[in-house]
Structure formats: C-alpha cells, structure tokens
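Undergrad: I need the structure of the sequence given here:
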Amino acid sequence: MKRFLPVLAVLFLSACSAQTEKVYTVDELAADDALLTRIIGECRNNPGELGDTPNCRNAEAADGKLRLERMGKALGG
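TA: All right, here's what the predicted structure looks like:
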C-alpha cells in the first residue's frame, strides 16, 4: 500500500501534463503544403505565444526555402 499511493500520484500527474505537439522538420513541411499552410497560419495568428516554437521556426524556414525554389524556377534556373 505504501508504494501504491506514490505510483498512483505519478500516474495522475503524468496524465495531467501538457501534451507536446509533434515537431516537424523543414523537409516534412516543405513536402506537405496543407500542413505548412496550417502551421504558418497558426503561428502568424498568435506570434506572441507560438512565434518562437520549433514548428513555427521550421515552417518559416520551409516557406522561405519553397519561395527561393519558386523564384529560381521563374528565373529559368
């Protein structure tokens, strides 16, 4: 019984902890336009809370990478 309560407390506290969002890489985001658009929209809608998160930084990097690729193609490269 002495071990049951601490184990129960740990299980309870771990169930209450915040769920972490999957962190996407730049390449994953560049490959999935819908996901990239969704994450960029969320980040730009709430930059105070989300602006410095890994997904927002990676989404901005993926967006920049795709823009450069499109500019290169438009210029004939």
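Undergrad: Give the full set of residues in contact with the residue nearest the centre of the chain.
TA: Centroid check for the chain by C-alpha atoms, centre = their mean gives residue 55 as the closest residue, at 2.6 Å. Listed by C-beta atoms under 8 Å, 6 or more residues apart in numbering, the contact partners of residue 55 are 21, 23-24, 39, 43. Just so you know, the C-beta spots here come from the backbone N, C-alpha and C atoms, and that holds for glycine as well.
Undergrad: could you redo the last one with a cut-off of 7 Å?
TA: 21, 23-24, 39 (C-beta atoms under 7 Å, 6 or more residues apart in numbering).
Undergrad: Check the spacing between residue 36 and residue 75 real quick.
TA: Per C-beta to C-beta, to the nearest Å, residue 36 is found 23 Å from residue 75.
Undergrad: neighbour-wise, which of these two wins?
TA: A direct count of neighbours by other C-beta atoms under 10 Å for residue 36 and residue 75 places residue 36 higher, at 21 against 7.
Undergrad: What helix or strand is that one located in?
TA: Counting by DSSP states H and E, the element that carries residue 36 is helix 33-45.
Undergrad: how about that helix: buried residues?
TA: 35-36, 39-40, 42-43 (16 or more other C-beta atoms under 10 Å).
Undergrad: What is it packed up against?
TA: Here helix 33-45 touches helix 26-31, helix 54-74, going by 3 or more C-beta pairs under 7 Å, 6 or more residues apart in numbering; DSSP states H and E.
Undergrad: what angle do the longest one and helix 33-45 make?
TA: Per axes from the mean of the first three to the mean of the last three C-alpha atoms, to 10 degrees, the angle that helix 54-74 makes with helix 33-45 is 120 degrees.
Undergrad: could I have helix 54-74 exported to CSV, CA atoms only?
TA: The C-alpha coordinates for helix 54-74 follow below in CSV (Å, rounded to 0.1, in the frame of the first residue of the first chain):
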residue,chain,number,x,y,z
PRO,A,54,10.2,24.8,-33.2
ASN,A,55,7.3,24.2,-35.6
CYS,A,56,6.9,27.9,-36.3
ARG,A,57,10.6,28.4,-36.9
ASN,A,58,10.7,25.3,-39.2
ALA,A,59,7.5,26.4,-41.0
GLU,A,60,9.0,29.8,-41.8
ALA,A,61,12.2,28.2,-42.9
ALA,A,62,10.3,25.8,-45.2
ASP,A,63,8.3,28.7,-46.6
GLY,A,64,11.4,30.6,-47.4
LYS,A,65,13.0,27.6,-49.0
LEU,A,66,10.0,27.0,-51.2
ARG,A,67,9.9,30.7,-52.2
LEU,A,68,13.5,30.6,-53.2
GLU,A,69,12.9,27.4,-55.3
ARG,A,70,9.9,29.0,-57.0
MET,A,71,11.9,32.2,-57.7
GLY,A,72,14.7,30.1,-59.2
LYS,A,73,12.3,28.3,-61.5
ALA,A,74,10.7,31.5,-62.5
